[in-house]
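**Student:** A structural model of the following input is requested.
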Amino acid sequence: MSKKDKKIILIAQCLINPYCRVHILGQNFPLSQELTDYLMGRRVGIIQYPCPETTAMGLQRNPQGRQQYDSVFFRNHCKDLLKIPMLMAREFIKNKYRLTCFIGLENSPTCGIHWGKHKVNRYQTESPNPVDSPDPDEPVLKGIMAEILEEELQKENIKIPFLEFPTQSEASSEKRKKFWEFLEKSLEPPLPVA
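**Tutor:** Now for the predicted structure:
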């Protein structure tokens, strides 16, 4: 590993602090430790933004779908939360650090990368539970915060991969293996420019 290749990532806060997660996702500290040990072992600095769900609705919130968070008020809240992390990312980049990727959370209506069709609850609004057999032609959206983060990065002309930590998959699953492969690839030093 080259000492000149100084790396940072952007990460959803609940991947570092599982207490932020809404109760149905569980507070899986071993997964958080696995991820942070992996990043620290590879000398990757972590920039995390405050959890938008916790800062908007507190710890005692009920699980909701993306539909409930998709309001001008919540989007504005997300933009406010990203101000300091974006300043930090720009400062690191200015000082020759490499922003390698963003890591969001599987099935998060705010920080997920692949939000597909979800079941409807008794109030006829989107629930946090995905449908059992998703239609492959159904559009897949990013969570609200991930979408806004992508917009903010585009304003700065910063292009990075968006990865989703598969917290709901078994450690030996293909989904989990692919996540670690994609993360490893995003951390590899860039090829020299010819």
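**Student:** in the protein, which strand is the longest?
**Tutor:** If you go by DSSP state E, the chain has its longest strand at strand 97-105.
**Student:** report all helices and strands that that strand contacts.
**Tutor:** On a contact count with 3 or more C-beta pairs under 8 Å, 6 or more residues apart in numbering; DSSP states H and E, strand 97-105 meets strand 6-12, helix 72-94, helix 144-155, strand 162-165, helix 174-187. Just so you know, the C-beta spots here come from the backbone N, C-alpha and C atoms, and that holds for glycine as well.
**Student:** using CSV, please lay out these together with distance to I103.
**Tutor:** Output for these, formatted as CSV (distance: least, C-beta to C-beta, whole Å):
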stretch, distance to I103
strand 6-12, 5
helix 72-94, 13
helix 144-155, 10
strand 162-165, 5
helix 174-187, 7
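**Student:** closest to T110 out of these?
**Tutor:** Smallest distance to T110 across the helices and strands packed on strand 97-105 (C-beta to C-beta): 4.3 Å, for helix 144-155.
**Student:** skipping adjacent residues, who's closest to the residue positioned nearest the centre of the chain in space?
**Tutor:** By C-alpha atoms, centre = their mean, the mean C-alpha position of the chain lies nearest to G104, the distance being 1.4 Å. In space, and not counting its chain neighbours, G104 is closest to C111: 4.2 Å by C-beta to C-beta, 6 or more residues apart in numbering.
**Student:** okay, P190: pLDDT?
**Tutor:** On pLDDT, P190 comes in at 75.
**Student:** what residues are up against it?
**Tutor:** Taking C-beta atoms under 8 Å, 6 or more residues apart in numbering, we find P190 in contact with R98.
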